[in-house]
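Colleague: next come a sequence and a model predicted from it.
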Amino acid sequence: MEGRFPSQSRFIGGVVSSDSQYPPTSGRQGEYLSSGPMCRYAQDLLPLLRIMAGANASMLSLDTKVDLRKLRFFSIPHDGGCVWTNPVSRELLDVQRRVVQRLEADLGVKVQQVALPRLRYSFQIWDTYMSLPDKDGKRDQMYAAQEMFKTANKVTRPEKALILGFMAGSRENPCPEQGDIIQIKLSEHTEVLPKADGTGSTTMLVDTVFEMNYSTGQWTRLKKYKPITNTS
């Protein structure tokens, strides 16, 4: 069994609930992520899965005998050339070919080779789905942080690490002497805004600040405006 992204590419699905995992999922990731055992030997999968599934193990029919000759087998040698992944090595292609031959010889089945042209976009599909918002419009926090850092021209690496840690659930305040609310400057730019009386415009220095509340666990982004010059 393969784990993480390779499982998604090869349509391997986990069956163990990811509820209460840490760090928790957000957005719609809970629909797409699940846990399961990874083993060197196939015979170890069953006992491990039974343990991990816990009270839900009875829903999996783990003790039901399966007649492999009645199953349909498909072989997908590669993803068609995704630019984000390395090509499948010749050795792995050869192993897959020998597995197909063994299945057909031992079980008397026909393994159908399948080509899925859009599989080459599997990484983009996965990345897009992982960043989708939930029904309340909330996106995954780590993806939100990545978008936020794209325009952050004042934040340092240690500050990024602190922000990511807070968004992931860390509540260890590095500066308790400053209180429960910590602000980190993300970016700085200028904006030209019209005056309220309509007599001209004002050039403003705009600071975007990331505010963390260590007592409530809430965070927000704030904009602070400071006038620079006035123009008519």
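Modeller: Great, that's in hand.

Colleague: what's the domain layout of this structure?
Modeller: Taking automatic domain parsing as the domain assignment, the ranges for the chain are 5-129, 141-231.

Colleague: just send those domains back as TSV, with distance to residue 135 and mean pLDDT too.
Modeller: Where C-beta positions appear, they are placed from N, C-alpha and C, glycine not excepted. Formatted as TSV, the domains of the chain follow (distance: least, C-beta to C-beta, whole Å; pLDDT from 0 to 100):
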stretch	distance to residue 135	mean pLDDT
domain 5-129	9	81
domain 141-231	16	87
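
Colleague: turn those into TSV, including mean neighbour count.
Modeller: Shown next, in TSV, are the domains of the chain (neighbours: other C-beta atoms under 10 Å):
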stretch	mean neighbour count
domain 5-129	13
domain 141-231	14
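
Colleague: outside of the lengthiest helix in the chain, which residues touch it?
Modeller: The longest helix of the chain (DSSP state H) is helix 90-107. For helix 90-107, the external contacting residues (C-beta atoms under 8 Å, 6 or more residues apart in numbering) are 68-69, 73, 75, 77-78, 109-111, 113.

Colleague: strands - which of the residues you listed land there?
Modeller: 73, 75, 111, 113 (DSSP state E).

Colleague: my read: residue 209 touches residue 221, true?
Modeller: Yes. Under the criterion of C-beta atoms under 8 Å, residue 209 is in contact with residue 221, at a separation of 7.0 Å.

Colleague: between those two, which contacts overlap?
Modeller: Overlap of the contact sets of residue 209 and residue 221 (by C-beta under 8 Å, 6+ apart) consists of residue 186.

Colleague: what's across from residue 203 in the sheet?
Modeller: When bridges are called by DSSP bridges, residue 203 pairs up with residue 192, residue 229.

Colleague: helix, strand or coil for residue 220?
Modeller: Following DSSP: H, G, I helix; E, B strand; the rest coil, the label given to residue 220 is strand.

Colleague: contacting residues for it?
Modeller: Contact analysis of residue 220 by C-beta under 8 Å, 6+ apart lists 210-211.

Colleague: same check on the one 3 residues further on?
Modeller: Shown here is residue 223, whose contacts under the criterion C-beta under 8 Å, 6+ apart are 206-209.

Colleague: need the residues you listed in JSON lines (columns: secondary structure and distance to residue 98).
Modeller: JSON lines is the format used below for those (DSSP: H, G, I helix; E, B strand; the rest coil; distance: C-beta to C-beta, whole Å):
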{"residue": "206", "secondary structure": "strand", "distance to residue 98": "63"}
{"residue": "207", "secondary structure": "strand", "distance to residue 98": "62"}
{"residue": "208", "secondary structure": "strand", "distance to residue 98": "57"}
{"residue": "209", "secondary structure": "strand", "distance to residue 98": "59"}
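
Colleague: same list (those residues) but as a markdown table, adding distance to residue 121.
Modeller: A markdown table is the format used below for the contacts of residue 223 (distance: C-beta to C-beta, whole Å):
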| residue | distance to residue 121 |
| --- | --- |
| 206 | 38 |
| 207 | 39 |
| 208 | 33 |
| 209 | 37 |
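
Colleague: how about the helices in the chain?
Modeller: Under DSSP H, the chain gives helices at 5-9, 45-53, 90-107, 122-130, 141-150, 157-167.
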